[in-house]
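with the sequence up front, the predicted model follows.
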Amino acid sequence: MTGKTTHESEPAPLTAAQAAGAAIDHLVELTAKEAQGATSVEPADHGWTVEVEVLEDRRIPSSADMMALYEVEIDLDGNLLAYRRTKRYSRGSSDIGGRTRT
């Protein structure tokens with residue numbers, strides 16, 4: 001006996017990659033928009049905060065597509081807590097910024 005206790009019934013916490021995948025899945029299900037990918041993943045007190053880039057409106061030419069950044073919050077089990085669109089911009093924009101850090 002090593003003195004360590006294990007809790008086999010508790011699932012392992014989500015990795016950053018799993019958190020990003022869960023956030024993208026939830027966002028696509030709720031918005032029916034095409035996610036381009038996660039642009040940031042950060043641990044938070046409640047779980048994870050994931051920023052996802054989304055194709056909002058397809059245009060011709062594709063360089064004129066309207067894109068958006070969404071902030072998605074999920075808990076440690078991968079359940080959706082909240083989401084919000086934080087920025088909207090054209091695909092060709094060079095100054096999209098990102099989350100403001102305080």
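Structure received. Predicted model, so just to flag it, every value in this text is computed and none were measured.

any low-confidence regions in the protein?
By pLDDT under 70, the weakly predicted segments of the chain are 1-12, 94-102.

centroid-nearest residue for it?
Closest residue to the average C-alpha location of the chain: Val50 at 3.2 Å, with Cα atoms, centre = their mean.

that residue: what's it in contact with?
Neighbouring residues of Val50 by Cβ atoms under 8 Å, 6 or more residues apart in numbering: Ala19, Ala20, Ala23, Ile24, Ala38, Ser40, Val41, Glu42, Glu71, Val72, Glu73, Ile74. No exception for glycine: its C-beta is placed from N, CA and C like everyone else's.

at 7 Å what do you get?
Counting by Cβ atoms under 7 Å, 6 or more residues apart in numbering, Val50 makes contact with Ala19, Ala20, Ala23, Ala38, Val41, Val72, Ile74.

mind listing the strands the host helix or strand of it pairs with, and their directions?
Per DSSP states H and E: Val50 is located in strand 47-57. Using DSSP bridges, the strands paired with strand 47-57 are strand 34-44 (antiparallel), strand 66-75 (antiparallel).

contacting residues around the first one?
Judged by Cβ under 7 Å, 6+ apart, the contacts made with strand 34-44 from elsewhere in the structure are 16, 19-20, 23-24, 27-28, 48-55, 69, 73, 98-99.

whichever of those residues end up buried, select them in ChimeraX.
The following ChimeraX line selects those of the contacts of strand 34-44 that are buried, judged by 16 or more other Cβ atoms under 10 Å:
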select :19,20,23,24,27,48,49,50,51,52,53,54,55,69,73
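
which two of the contacts of Val50 have the greatest separation?
Spanning the widest gap among the contacts of Val50 are Ala38 and Ile74, at 11.5 Å by Cβ to Cβ.
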